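S.K.: Structure for this input, please:
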Amino acid sequence: MSGTRIDLADIVVLPAFDRLQEGMRRLGAIASKALSESLRSGGDVAPAKLQFRKPTGPLSPPAFFGGTLTPAARTTTDSSLVFLCGVIARQAYELLPANPGLPDLIVGLGIWKCECGLEPEQRTLLEKFVRSLGDHLGSPDWHLTIHERDAYGPVIEVSSRLSLMGVYHLAKDDDWDDVASDFFHQRCETMLAMLTSLAGDGAVTMQTALHALTGED
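M.R.: The predicted structure is shown next:
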């Protein structure tokens with residue numbers, strides 16, 4: 001019969017874990033502020049149909065620290081299109097850190113397709129969107145990831161990331177606020193600008209075209 005055991009390494013790591021959680025909460029607050037400010041500063045070019053949401057459901061601590069935008073009629077937990085800005089520390093829905101156990105700063109768009117796979121013209125639309133993000137930012141820093149699901153259509157992720165190790169090296173001996181704020185502001189403003197650009201034949205905005213991929217009303 002085996003009893004309860006806790007390794008010494010697990011006991012002594014608790015203070016470090018608490019400091020990490022507090023640091024991610026602060027970075028999440030910076031992300032939420034950047035997202036809110038970018039949405040307000042966008043004025044006429046900000047996506048009119050997206051509203052700011054506080055963390056809720058799987059996209060909340062301890063998995064995600066930050067803010068989200070969703071279409072006005074839907075909350076984060078029932079929307080099939082979510083704009084997220086923050087720190088992804090654990091798996092939230094199909095979204096997860098690029099390297100397990102290593103949290104990322106992330107600005108991105110999650111699109112949950114209700115059924116069927118991607119048609120060639122839909123993939124072309126997504127690839128064009130990713131290229132436009134890179135061209136606007138002046139860096140090929142955006143990536144398209146398709147998460148396949150058995151019973152439903154795929155989850156489409158368009159995101160730009162920076163691992164906490166990357167933030168550590170960029171900040172050097174200074175605090176992380178400026179590095180994180182610059183990352184979040186630049187990418188939020190880029191994403192919002194590209195969502196309001198015209199897609200395809202110019203009949204609809206990119207946000208409308210991407211939302212149509214979900215299959216929801």
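S.K.: Quick one: classify residue 116 as helix, strand or coil.
M.R.: Residue 116 falls in the coil class when you classify it by DSSP: H, G, I helix; E, B strand; the rest coil.
S.K.: Confirm that residue 174 lies within a strand, as I assumed.
M.R.: No: per three-state DSSP, residue 174 lies outside any strand segment and is coil.
S.K.: can you tell me how far it sits from residue 68?
M.R.: 29 Å (CB to CB, to the nearest Å). Heads up, the C-betas are built off the backbone N, CA and C, glycines and all.
S.K.: cool, and residue 94?
M.R.: 15 Å.
S.K.: neighbour-wise, which of the two wins?
M.R.: residue 68 (26 against 17; other CB atoms under 10 Å).
S.K.: Let me see the contact set for the more buried one.
M.R.: By CB atoms under 8 Å, 6 or more residues apart in numbering, residue 68 lies in contact with 35, 52, 53, 55, 59, 76, 82, 83, 84, 85.
S.K.: Considering those residues, which member attains the minimum pLDDT?
M.R.: The pLDDT minimum for those sits at residue 55, where the score is 80.
S.K.: Look up the closest residue to that residue, ignoring the ones flanking it.
M.R.: residue 64 (6.2 Å; CB to CB, 6 or more residues apart in numbering).
S.K.: Tell me the bridge partners for that neighbour.
M.R.: As for beta bridges, residue 64 partners with residue 88 under DSSP bridges.
S.K.: so it makes contact with residue 96?
M.R.: No: Residue 64 lies out of contact with residue 96 (CB atoms under 8 Å); the separation is 10.2 Å.
S.K.: gap between the two ends of stretch 80-100?
M.R.: Terminal residues of stretch 80-100 lie 25 Å apart, using CA to CA, to the nearest Å.
S.K.: For this structure, give me the ranges with low pLDDT.
M.R.: Within the chain, the ranges that satisfy pLDDT under 70 run 1, 42-48, 217.
S.K.: ok so, going back, most surrounded residue in the contacts of residue 68?
M.R.: Top of the contacts of residue 68 by neighbour count (other CB under 10 Å): residue 85, with 29 neighbours.
S.K.: Hmm, residue 104 and it touching each other?
M.R.: No: at 11.9 Å, residue 85 does not count as touching residue 104 under the criterion of CB under 8 Å.
S.K.: Could you give the separation of the lengthiest helix in the chain from the chain centroid?
M.R.: Assignment by DSSP state H gives helix 14-41 as the longest helix of the chain. From the chain centre to the centre of helix 14-41 is a distance of 13 Å (CA atoms, centre = their mean, to the nearest Å).
S.K.: can you give me the helices for this structure?
M.R.: With DSSP H as the criterion, the chain has helices at 8-12, 14-41, 120-137, 164-171, 177-195, 206-212.
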